[in-house]
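Enquirer: Quick one, what's the 3D model for this:
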Amino acid sequence: MSSTLSPCSSPATPFSSGLYLTIPRRKPMPSKLDDLQISGWLDAMKSSSPPRRPLGKDANFEGETEEEDSLAYRTWLKEYPSALSSFEKITDYAKGKKIALFLDYDGTLSPIVDNPDHAFMSNAMRSAVKNVAKFFPATIISGRSRDKVYEFVGLEELLYAGSHGMDMVGPLTNSHSFLSSHNCISSNDKQFKDLSIFQPAREFLPMIDEVFRSLVENTRDIKGSKVENNKFCLSVHYRLVDEKNWALIAQRVHDILRTYPRMHITYGRKVLEIRPVINWDKGKAIELLLESLGMNDGDDVLPIYVGDDLTDEDAFKVLREGKRGYGIVVSSVPKETDAHFSLKDPSEVMLFLRALVRWKKSQIAAAHRSA
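Expert: The predicted structure follows:
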């Protein structure tokens with residue numbers, strides 16, 4: 001697998017071009033913004049955070065009636081059918097193939113909650129994930145830090161990729177020149193012994209820590225805002241911020257990043273993600289993991305990726321364009337996606353995982369009977 005990563009120079013030393021980026025420590029001066037720029041930010045924030053229908057039989061949703069909204073969802077399902085109703089189609093294609101399972105965390109294995117520190121998965125979901133990992137290699141790929149998502153999941157049967165794949169642990173070997181040249185080291189974590197850690201953005205850590213402190217300082221007066229340090233990326237949550245202050249929080253973040261050109265913003269569900277400018281995402285993460293698992297070649301492998309957020313689209317796109325697996329988007333409202341199938345919410349994800357286990361057990365039983 002050849003690398004397409006951008007060269008990473010240490011922020012503590014001059015770049016190879018001789019240009020040195022001085023990291024300011026003082027509070028950034030606010031920029032003068034025009035209405036068009038602010039409007040663009042707000043549009044991006046709203047489009048990445050589709051509102052959910054309020055409870056109540058006759059509640060209106062974004063000006064639509066419940067019946068109209070239901071019709072729009074049913075129409076969307078024709079293009080992205082339920083992975084539960086399409087389960088037989090998926091497993092028919094999977095016969096004779098090795099399934100590799102990739103799962104997002106927030107909104108996929110756990111419900112979306114107001115406080116990101118309280119995004120706990122249920123015991124029933126944990127049991128379903130543990131059982132499915134007994135039969136298929138399974139990886140959690142999250143925007144959270146690897147340590148944080150492991151703390152939430154707490155299962156040693158899985159592999160973990162945090163910070164959108166910029167902090168991965170797995171059976172990675174330095175026999176790949178790609179890995180040895182991009183910070184692949186042996187893990188000394190007790191729970192991940194004999195595995196390796198891949199961190200392509202490690203040189204950015206001092207810069208990320210500086211940006212984190214600046215974000216905390218400059219958003220502390222915005223009620224409801226929360227800045228989360230995910231080690232190799234930062235999350236500015238605005239789920240609890242009054243919508244009239246969304247433009248303000250966007251301006252503060254953009255003002256800070258004007259002095260950090262090697263960091264950029266992406267949009268998630270009521271969160272602004274700040275990441276290093278390197279050519280790495282969840283799609284490239286699953287390609288590397290498949291290679292490391294010895295599952296990147298041949299027609300006998302079926303990768304399945306389940307996720308709900310905009311960052312998961314990079315993985316869906318890799319699977320769709322390569323015609324090598326299935327993407328399953330978790331959403332209860334219509335949305336643009338490169339996934340193949342859909343599930344409404346984490347409860348349906350759990351049903352899907354349980355169905356995979358039952359199907360695999362039946363395959364094993366049938367093989368024993370014919371032996």
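
Enquirer: Would you map the helices across the stretch 251-371 of the chain?
Expert: For the stretch 251-371 of the chain, applying DSSP state H, counting those that start in this stretch gives helices covering 282-292, 313-321, 346-370.

Enquirer: quick one, which of those is nearest to Ser48?
Expert: Between Ser48 and those, the shortest separation by CB to CB is 10.6 Å, and it involves helix 313-321. C-beta: built from backbone N, CA, C; applies to glycine.

Enquirer: quick one: buried residues of that closest one?
Expert: Using 16 or more other CB atoms under 10 Å as the test for burial, helix 313-321 gives Glu313, Asp314, Ala315, Phe316, Lys317, Val318, Leu319, Arg320.

Enquirer: ok, those residues vs His368, which is closest?
Expert: Of all the buried residues of helix 313-321, His368 sits closest to Leu319, with 31.6 Å by CB to CB.

Enquirer: Do I have it right that the closest one meets Gly325?
Expert: Yes - assessed by CB atoms under 8 Å, Leu319 is found in contact with Gly325 at 4.2 Å.

Enquirer: Which neighbours do these two have in common?
Expert: Among the neighbours of Leu319, those also in contact with Gly325 (CB atoms under 8 Å, 6 or more residues apart in numbering) are Pro303, Tyr305.

Enquirer: just for the stretch 201-350 of the chain, where's the confidence low?
Expert: For the stretch 201-350 of the chain, no stretch has pLDDT under 70.

Enquirer: And stretch 343-350, what's buried?
Expert: Buried, per 16+ other CB under 10 Å, within stretch 343-350: Leu343, Pro346, Glu348, Val349, Met350.

Enquirer: Tabulate these (JSON lines), appending distance to Met263.
Expert: Shown next, in JSON lines, are the buried residues of stretch 343-350 (distance: CB to CB, whole Å):
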{"residue": "Leu343", "distance to Met263": "33"}
{"residue": "Pro346", "distance to Met263": "31"}
{"residue": "Glu348", "distance to Met263": "36"}
{"residue": "Val349", "distance to Met263": "32"}
{"residue": "Met350", "distance to Met263": "36"}
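
Enquirer: circling back to that earlier point, mind checking the helices of the stretch 251-371 of the chain for the one nearest to Tyr80?
Expert: Of all those, helix 313-321 sits nearest to Tyr80, with 10.5 Å by CB to CB.

Enquirer: And that closest one, what does it pack against?
Expert: Contacts defined by 3 or more CB pairs under 8 Å, 6 or more residues apart in numbering; DSSP states H and E place helix 313-321 against helix 282-292, strand 301-307, strand 326-330.
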